[in-house]
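J.: I need the structure of the sequence given here:
(2 chains)
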Number of protein chains: 2
Amino acid sequence: MPAQPAEDPRVGDLSEGEILRGILSGLAPSAALVGPGDDAAVLAAPDGRVVASVDTLVHGPDFRLAWSAPYDLGWKAAAVNLADIAAMGARPTALLVALAMPNDTRLSMVEGIARGLRAACDELAPGCAVEGGDLTVSDTLTIAVTALGTLEGRDPVRRSGARPGDVVALAGEAGAAARGLDVLFRRFRDLDGEPVPVAYDELDPGEIACVHTQLRPSPPIGLGPVAADAGATAMMDVSDGIALDATRMADASGVTIAIDSVALGPRRGWAVDGGEDHALLAAFPPGAALPPGFRLIGAVRERGSEPLLVDGEPYAGRAGWDPYRDWDSATG
Amino acid sequence: MPAQPAEDPRVGDLSEGEILRGILSGLAPSAALVGPGDDAAVLAAPDGRVVASVDTLVHGPDFRLAWSAPYDLGWKAAAVNLADIAAMGARPTALLVALAMPNDTRLSMVEGIARGLRAACDELAPGCAVEGGDLTVSDTLTIAVTALGTLEGRDPVRRSGARPGDVVALAGEAGAAARGLDVLFRRFRDLDGEPVPVAYDELDPGEIACVHTQLRPSPPIGLGPVAADAGATAMMDVSDGIALDATRMADASGVTIAIDSVALGPRRGWAVDGGEDHALLAAFPPGAALPPGFRLIGAVRERGSEPLLVDGEPYAGRAGWDPYRDWDSATG
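T.: A predicted model of the protein is given here:
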């Protein structure tokens, strides 16, 4: 066995209980009826319904340890799942975290992930905490997070409710995460199979901001319920680029969505084609006052021959990120 | 690209939508308020609470494709999670499935996993269905399942409620899964790094039954709520062997648990040390009528110097399966 600092053991040399203690010390106190430590958590669902979603981050396609600190991973794993709950018009209440990791993972990494999970909950969805989880050995570091939430009496806002005449609005960043990923891939790609860390001192402030958004996205979680209360007819979080996600909303709703790309701001190209900002894309009835934080980016029309128009034209771009087409572990 | 049968494409050559269609065709119709296809599922939680647990199966430490058919994997991934819900005294209502798989995974494998998930729900927990999920690329095939359930007005049965004088009872298999794993490891272990499939014609009927229990465990899910209604004071599913899990219950409850190993039946050694039957271990008040399906295996005593006694002696055995101590991907 190789020498190692006593203060940062490999998880393979620890019991599950010892690892759990490291994790729990980084987490917020449980707010559940039954929190971590039993066979399952028991959570309040005060309006008789629970909103539930799962999303996974896998080392390789979804993150690289050369670029992301453990804290970043925890943050992002929480944020992308919180966004799915918010996109239904719900408030996140709990996360369950399944962590699969190689035996030579250091305890400090696990603790960093836990701190990132907590920080994202505290900042983006106060009151939400990690209430359960699972630890497994795997050759591939994998974080699968289940998020649960409450609609607090609201109707869920589905993808399928957009109606002709509605306006289309966006809350949150548009294109920064995709631009950040491009910076990472162009400047800090593996060299001769060796990972290359991010040299922030070689980047300008705009690039740094985009890289930060890619590594630690901050979707406007609290605006999900606000949009629902303001009458949103359809909503989803933008995980795969506005072109692909707006097309999904248009298809689910049986309408055509027309986007004005100028309204997407300075990174409009990245916003249309690239995902991972986890902004909230929503349709509102004509004449509805958009809630603060949402900006007008388009309109819903009767279904035409195309589900999506960008600046009046059928969109023939890359159409977002599909992990089963776009990622290849061989080329990285 | 290597030649492949057109009828069984690689998932890497399909879009996420195409893979999802294959999965959904194998699943039961949704019983949720909002089922698969939106950002999140919305599920009924009629008594204002939801029970939630997550468990992960990873290729290597948790299963091997040489031994498990895709159907088996789906079945087991469901069963182990359903058992966690049952162990709280709850009825499972929904699964969320995060599936991370290599690009060269065949669509037929994904469809087989879906069929196994459905079959386990239909057989073990009627009314429970897969209501959401996530697909990701990974070098390591990984299935993380979140199970949700309803207590239907019951109090949750925790690990910590066992009281001196209670009786200890077990429902379900005891030792078969561990014996089956031993058969697999002794007889069909990798040879020169090559996987070895199970030659069932070389096994006797008892061995075959144990291998089947290891690959497709059938915990008595419906007895979880029954035990709660019968007044169970503490309950958990046996995933790591009765010695380790009874010790956990004893420590959580501040008591000593005394097990009579003869009552565990013919595979008592496997039952004490080995897990994965996912039997239900429960404490009942003195004099309570044990529900059909539970058998008496021990008693709860005032806390002594040891948390666990087996046949009156402190237990000095292997103390169950701890993935972070016991598994080594190098030795397999």
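J.: Provide the secondary structure category for A:E111.
T.: With DSSP: H, G, I helix; E, B strand; the rest coil as the basis, A:E111 sits in helix.
J.: meant to ask about A:V272, not that
T.: Following three-state DSSP, A:V272 is assigned to helix.
J.: how far does the helix or strand containing A:R115 sit from its chain's centre?
T.: Using DSSP states H and E, A:R115 sits in helix A:107-124. Relative to its chain's centre, helix A:107-124 lies at 15 Å (C-alpha atoms, centre = their mean, to the nearest Å).
J.: need the helices for the stretch 151-300 of chain A, in chain order.
T.: A:176-187, A:205-215, A:223-229, A:242-253, A:268-273 (DSSP state H, counting those that start in this stretch).
J.: run the chain-centre distance for the third one.
T.: The chain centroid and the centroid of helix A:223-229 are separated by 18 Å, computed with C-alpha atoms, centre = their mean.
J.: tell me the mean pLDDT for it?
T.: The predicted model gives helix A:223-229 an average pLDDT of 98.
J.: repeat for the fourth one
T.: This predicted structure assigns helix A:242-253 an average pLDDT of 96.
J.: turn the helices of the stretch 151-300 of chain A into CSV, columns for distance to B:L170.
T.: For the C-beta atoms, the positions are set from N, CA and C on the backbone; glycine is no exception. Formatted as CSV, the helices of the stretch 151-300 of chain A follow (distance: least, C-beta to C-beta, whole Å):
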stretch, distance to B:L170
helix A:176-187, 51
helix A:205-215, 48
helix A:223-229, 45
helix A:242-253, 48
helix A:268-273, 57
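J.: who wins for proximity to B:G312 among the ones you listed?
T.: helix A:205-215 (57.1 Å; C-beta to C-beta).
J.: need the nearest residue in space to the residue most central in space within chain A, chain neighbours excluded.
T.: Nearest to the mean C-alpha position of chain A, by C-alpha atoms, centre = their mean, lies A:V80 at 1.7 Å. Sequence neighbours aside, A:D55 is the residue nearest to A:V80 in space, at 5.1 Å (criterion: C-beta to C-beta, 6 or more residues apart in numbering or on different chains).
J.: immediately after the helix or strand containing that neighbour, which helix or strand?
T.: If you go by DSSP H and E, A:D55 is part of strand A:49-58. Downstream of strand A:49-58, the next assigned helix or strand under DSSP H and E is helix A:70-86.
J.: one step back: just checking: what are the partner strands of the strand holding A:D55?
T.: strand A:142-150 (antiparallel), strand B:41-44 (antiparallel) (DSSP bridges).
J.: how far does the first one sit from the chain's center?
T.: Mean C-alpha position of strand A:142-150 versus that of the full chain (C-alpha atoms, centre = their mean) differs by 11 Å.
J.: what do you get for stretch A:201-218?
T.: Distance of stretch A:201-218 from its chain centroid, counting by C-alpha atoms, centre = their mean, is 16 Å.
J.: with only the CA atoms kept, save that stretch in CSV.
T.: Extracted C-alpha coordinates of stretch A:201-218, given in CSV (Å, rounded to 0.1, in the frame of the first residue of the first chain):
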residue,chain,number,x,y,z
ASP,A,201,-4.3,33.6,-14.6
GLU,A,202,-4.3,33.0,-18.3
LEU,A,203,-8.0,33.9,-18.6
ASP,A,204,-9.7,37.2,-18.8
PRO,A,205,-12.5,38.1,-16.4
GLY,A,206,-15.3,37.2,-18.8
GLU,A,207,-13.8,33.8,-19.4
ILE,A,208,-13.3,33.2,-15.7
ALA,A,209,-16.9,34.1,-15.1
CYS,A,210,-18.1,31.6,-17.7
VAL,A,211,-15.8,28.8,-16.4
HIS,A,212,-17.3,29.5,-12.9
THR,A,213,-20.8,29.2,-14.3
GLN,A,214,-19.9,25.9,-16.0
LEU,A,215,-18.4,24.5,-12.9
ARG,A,216,-20.8,25.9,-10.3
PRO,A,217,-24.1,27.0,-12.1
SER,A,218,-26.5,29.1,-10.1
